[in-house]
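[1] would you be able to build a 3D model of this:
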Amino acid sequence: MQSTGFIMMFVLFLICGVAFNTLTASANGLRTFQFLYFFSSFWNQFGPNCTTWLVAAEVFPTDVRSTFQGFSAAMGKVGAIIADVVFGYVSKQATFFLSAAFGLAGACVTWLFLPDTTGLSLDELDRMAKYMLAGEFEHYHGEGVNPRHLSTWER
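    Below is the predicted model of the structure:
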């Protein structure tokens, strides 16, 4: 979900950036532009926005889940503030190119670092985290180290 959302945002924002002058020059173009913009919002809500909460609930150990989820949310707010400041200094067209670049960066970071926890119970993830936090990860031999559950980076 997250990767798909980021990729669709990349594509839609790139189209808006490339065709900005054409799309904003006529009433029909503006309707198309609005559709692309609103459709990008759908993909944002479908992907990165909802998975921000879903992923944090699965990848952080129970003991620190609420703290780390709060920290993750705070970093999202910091990113939004930075974007708001930067977008104030660039052209409207450039905001779409920047948004497309961050959509692509988000997809790459997701692909590289996000583990696939499908099929793993929260108890198993907690057990794996306890080994990790104790510095004894080499002694953990559960399902969590199955390559299908690891991120690309961890493989």
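
[2] mind listing what's buried in the helix or strand bottoming out on mean pLDDT in the chain?
    None of the helices or strands of the chain scores lower by mean pLDDT, DSSP states H and E than helix 50-59, at a mean of 82. Neighbour counts over helix 50-59 (16 or more other Cβ atoms under 10 Å) mark T51, T52, V55, A56, E58, V59 as buried. Yep, even glycine has a C-beta here, placed from its N, CA and C like the rest.

[3] and for stretch 81-99?
    Going by neighbour count (16+ other Cβ under 10 Å), the buried part of stretch 81-99 is T95, F96, F97, L98, S99.

[4] what does it contact?
    With Cβ atoms under 8 Å, 6 or more residues apart in numbering as the test, stretch 81-99 has contacts from M9, F13, L14, C16, G17, F20, N21, F102.

[5] farthest pair within those?
    Using Cβ to Cβ, the contacts of stretch 81-99 span at most 22.0 Å, a distance reached by N21 and F102.

[6] hang on, the earlier thing: turn the contacts of stretch 81-99 into a markdown table, columns for neighbour count and secondary structure.
    Output for the contacts of stretch 81-99, formatted as a markdown table (neighbours: other Cβ atoms under 10 Å; DSSP: H, G, I helix; E, B strand; the rest coil):
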| residue | neighbour count | secondary structure |
| --- | --- | --- |
| M9 | 26 | helix |
| F13 | 24 | helix |
| L14 | 17 | helix |
| C16 | 23 | helix |
| G17 | 19 | helix |
| F20 | 19 | helix |
| N21 | 9 | helix |
| F102 | 16 | helix |
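
[7] possible to save these as TSV with distance to G144 and pLDDT?
    Formatted as TSV, these follow (distance: Cβ to Cβ, whole Å; pLDDT from 0 to 100):
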residue	distance to G144	pLDDT
M9	30	96
F13	35	97
L14	37	97
C16	41	97
G17	41	97
F20	46	96
N21	51	96
F102	30	94
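
[8] ok, so of the residues you listed, who is nearest L36?
    Distance to L36, by Cβ to Cβ, is smallest for C16 among those, at 5.3 Å.
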